[in-house]
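Student: no sequence on this one, just coordinates:
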């Protein structure tokens, strides 16, 4: 297909944009497939200033409340402050409203891809959008109320700025400073969203520092101003924040580095965990084969490609590789020095854009090679096969997520909080007081199913006035089942000596094994 044919020009104008609209339509249609996990409930608790959601209440948590809630934990406040602002402006706290913020950042990602790939021909550009947007692993991150898709948008837009800085001919002092200051402001702002962005940002810095260029000292002086701005805007927060880089605590047994790396990169390349099915087991090898073919053409047959094309492709490939290497080095070092949570599968989203761009670069290289007189048929065969595979994969990914949206939440249909709270609601009496294990489960419960009932946590039992009449209803989760006997002892000591245990059942009368109800009353 000629780059200058009328068909190619029309595709270049419309097809990538249509794919973006299709991806946005897909996530909007799937926005309400599942409830939230306790990880999301925790984030909503922070967004609401450290309070559960109250039925009928107008959101009034201030930024001060949000900062106080997030301060003891290893999370950056930016995402919660943004969600808090939108929540108060719209006076809404429903889950889909919070998910819409993430879908907006997904749209920002797609817009960034379109801008970054503007010099590309239609076919590779459409391949890039399809490969990025139609992946169950990415869809999961878009529809979870977490900040990972915001960081992905940063990777895309900061890459555009870094590539522009790298090729910039310094001459207009104020415009030059504006570009570097703009990059510094973007780094600073996104630092307050997620700590993971530090590592790709280090990779971008290494790329800019180590590149050979004219005006070497002038360029590095501008870059120093940029990083001085980043340092001055983040250091005070690092000094005052009570938690530094702390990924978390996770079990060490039965966890191997190789196994976790295979899981993480398999999710990135196929949208699913290893051994999900034959198709997703083959998909990573297909994309890696495409990547190898593009690299081989760039290195071994570069004489068949325009020199400017090879130089630009190599420049972008090196940037992607160093942005993958830096966070991966941190993950491996943290695995050995601290504990394995750094290689938990959800964190491999940090590599998603960079690896996707590398694969799309390989596709673009083969597309360029398809115009050469030699091996044209080979290149076209690979391109056609890859396109057909992507089309099948896109349909598969969306349908797979639609059928099973519980990819990374440790949930299933029977343990979904929406199922549990829907079964709980009809069993409650007007004067019941609910009791949950901790503030995270309380937040998850109240944001999933807002209730007019008073909701306490175990830590509050001896600190608040308990009802003299009515029941204290404890919602037991399978995760905390071993603590139930302690709960019984504490409530008996407080005068609630009569206990009635019952199973929760769903709308079809099926018992929910993950949940159990204990109703305590006074003698």
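Tutor: Structure's in. What do you need? No experiment lies behind these values; they were computed from the predicted model shown. Residues are numbered from 1 along each chain as shown.

Student: what about residue 434, which SS state?
Tutor: Counting by DSSP: H, G, I helix; E, B strand; the rest coil, the backbone at residue 434 sits in strand.

Student: could you count how many residues lie near it?
Tutor: Neighbourhood size, residue 434 [other C-beta atoms under 10 Å]: 20. All C-beta spots, glycine's among them, are computed from the backbone N, C-alpha and C.

Student: the spatially closest residue to it that is not a sequence neighbour sits in which helix or strand?
Tutor: Nearest non-adjacent residue to residue 434, counting by C-beta to C-beta, 6 or more residues apart in numbering: residue 455, 4.5 Å away. Per DSSP states H and E, residue 455 falls inside strand 454-457.

Student: direction included, what does the helix or strand just after that strand pair against?
Tutor: Following strand 454-457 in sequence order, the next helix or strand is strand 472-477 (DSSP H and E). Paired with strand 472-477 in the same sheet, following DSSP bridges, are strand 433-436 (parallel), strand 511-521 (antiparallel).

Student: so for the longest one, mean pLDDT?
Tutor: The average pLDDT within strand 511-521 is 91.

Student: dump the residue contacts of residue 449.
Tutor: Going by C-beta atoms under 8 Å, 6 or more residues apart in numbering, residue 449 touches 417, 418, 421, 422, 424, 425.

Student: also residue 279?
Tutor: Residue 279 makes contact with 392, 393, 396, according to C-beta under 8 Å, 6+ apart.

Student: can you rerun that using 10 Å?
Tutor: By C-beta atoms under 10 Å, 6 or more residues apart in numbering, the contact list for residue 279 reads 270, 272, 286, 389, 392, 393, 396, 400.

Student: secondary structure element holding it?
Tutor: With DSSP H and E as the test, residue 279 turns up in helix 278-300.

Student: give the buried residues for that helix.
Tutor: Of the residues in helix 278-300, 280, 283, 284, 286, 287, 290, 291, 293, 294, 295, 297, 298 count as buried by neighbour count, 16 or more other C-beta atoms under 10 Å.

Student: quick one: contacts for the residue lying closest to residue 375 once chain neighbours are set aside?
Tutor: Residue nearest to residue 375 in three dimensions, not counting chain neighbours: residue 369, with 6.9 Å by C-beta to C-beta, 6+ apart. Taking C-beta under 10 Å, 6+ apart, we find residue 369 in contact with 293-294, 297-298, 301-302, 304-305, 309, 375-376, 378-380, 382-383.

Student: if you set the cut-off to 8 Å instead, what comes out?
Tutor: Counted by C-beta under 8 Å, 6+ apart, residue 369 has contacts 297, 301, 304, 305, 375, 376, 379.

Student: include pLDDT, secondary structure and distance to residue 238 when you put the residues you listed into TSV, please.
Tutor: Formatted as TSV, the contacts of residue 369 follow (pLDDT from 0 to 100; DSSP: H, G, I helix; E, B strand; the rest coil; distance: C-beta to C-beta, whole Å):
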residue	pLDDT	secondary structure	distance to residue 238
297	89	helix	45
301	83	coil	48
304	84	helix	50
305	89	coil	46
375	75	coil	53
376	80	helix	55
379	88	helix	50
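
Student: what does the lowest-mean-pLDDT helix or strand in the chain contact?
Tutor: Lowest mean confidence among the helices and strands of the chain (mean pLDDT, DSSP states H and E): helix 6-29, at a mean of 85. With C-beta under 8 Å, 6+ apart as the test, helix 6-29 has contacts from 1-2, 103, 106-107, 110-111, 113-114, 117, 121-123, 125-126, 128-130, 133-134, 139, 142-143, 398.

Student: how much space separates residue 88 from residue 439?
Tutor: 21 Å (C-beta to C-beta, to the nearest Å).

Student: what about those two, which has more around it?
Tutor: Higher neighbour count among residue 88 and residue 439: residue 439, with 20 against 16, using other C-beta under 10 Å.

Student: below-threshold pLDDT in the stretch 301-450 of the chain: ranges please.
Tutor: Within the stretch 301-450 of the chain, the ranges that satisfy pLDDT under 70 run 408-411, 414.

Student: go again using 90 as the cut-off
Tutor: 301-305, 337-342, 344-346, 370-379, 406-417, 419-420, 422, 425 (pLDDT under 90).

Student: ranking the contacts of residue 369 by neighbours, who comes first?
Tutor: Counting neighbours by other C-beta under 10 Å, residue 297 leads the contacts of residue 369 with 24 neighbours.

Student: who's in contact with that one?
Tutor: 304, 305, 365, 366, 369, 379.

Student: which ones are touching the first one?
Tutor: Counting by C-beta under 8 Å, 6+ apart, residue 304 touches 297, 369, 372, 374, 375.

Student: now do 6 Å
Tutor: Residues near residue 304 by C-beta atoms under 6 Å, 6 or more residues apart in numbering: residue 372.

Student: picking that back up, which residues does the strand holding residue 455 contact?
Tutor: 52, 433, 434, 435, 436, 438, 439, 442.

Student: do that again at 8 Å, thanks
Tutor: By C-beta under 8 Å, 6+ apart, strand 454-457 touches 52, 433-439, 441-442, 445-446, 464, 472.

Student: now do stretch 152-166
Tutor: Stretch 152-166 is contacted by residues 105-106, 108-109, 112-113, 115-116, 138, 141, 179-180, 182-183, 186-187, 190, 193, 197, 200-201, 204, 207-208, 211, 213, 223, 315-316, 319, 323, 349-350, 352-354, 357 when judged by C-beta under 8 Å, 6+ apart.
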